[in-house]
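[1] Next comes the sequence, and after it the predicted model I'd like to discuss.
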Amino acid sequence: MPHVLPSLPYPYEALEPHIDAQTMKLHHDLHHKAYVDGLNAAEEKLAAARKSNDFAAVKHLSRELAFHGSGHLLHCIFWNNMAPAGKGGGGEPAGTLLEQIQKDFGDFGAFKSHFGAASTAVEGSGWGLLVWQGPPGLGKLEILTSEKHQNLGQWGVAPLLVLDVWEHAYYLKYQNRRAEYVKAFWNIINWKDVEGRLKKARS
């Protein structure tokens, strides 16, 4: 079945003033849709290649599959990782998630500083990611950065919290001031969604 663009879980303007409505509309309706369309096209062409036994373009198509598939997956997480400030977004984590953060990073402040610095320092386009690394029950939280979202740098991780730092995610409002965008992100993080992803990854 073809992949489809999921609806946003809130209106375009819901994350104002931290992320503006125009950016959300362009980011979701155009950029995310392009990943969905690219993923479907790559899968169709690879299916045709298998049927004809013509794999002359397999290197290119494999890259297209990785690029668009990763973009689609991470954006699906990204939208749900956020919620309107004061209405599920912002504040600090609690419960199981906070306990794991304290275990793996010392305290929430150290985690916040590490995640913010890593996300701000991504060279070019990419993502900051909080991930669960390792098998259920035996792993730990780690912070990774991804330059080009198909290059995560580690295998076997489950993304829990992702921050898109491609310029299309913030440039209309913040221009080249990525650090301000990263700082604003803390006001709209949906910690319940992040904790739900952690529980699934650990189980």
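    Done, it's in.
[2] Pull out the buried positions in the lengthiest helix in the chain.
    As assigned by DSSP state H, the longest helix anywhere in the chain is helix 58-80. The neighbour-count check on helix 58-80 (16 or more other Cβ atoms under 10 Å) flags 61, 64-80 as buried. Where C-beta positions appear, they are placed from N, C-alpha and C, glycine not excepted.
[3] Not counting its own residues, what contacts the helix or strand that it is followed by?
    Next helix or strand after helix 58-80 toward the C-terminus (DSSP states H and E): helix 95-105. Outside of helix 95-105, the residues within contact range by Cβ atoms under 8 Å, 6 or more residues apart in numbering are 92-93, 107-108, 111, 114, 140-142, 191, 194-195, 198-199.
[4] before we move on, back to that, I'd like to know which elements the longest helix of the chain is packed against.
    Applying 3 or more Cβ pairs under 8 Å, 6 or more residues apart in numbering; DSSP states H and E, we find helix 58-80 packed against helix 33-52, strand 157-164.
[5] circling back to that earlier point, redo the contacts of helix 95-105 as CSV? Include distance to Leu5, neighbour count and secondary structure.
    Formatted as CSV, the contacts of helix 95-105 follow (distance: Cβ to Cβ, whole Å; neighbours: other Cβ atoms under 10 Å; DSSP: H, G, I helix; E, B strand; the rest coil):
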residue, distance to Leu5, neighbour count, secondary structure
Glu92, 32, 13, coil
Pro93, 29, 20, coil
Asp107, 38, 10, coil
Phe108, 34, 14, helix
Phe111, 32, 20, helix
His114, 32, 16, helix
Lys140, 33, 12, strand
Leu141, 30, 20, strand
Glu142, 30, 16, strand
Trp191, 25, 20, helix
Val194, 23, 21, helix
Glu195, 26, 19, helix
Leu198, 26, 23, helix
Lys199, 27, 14, helix
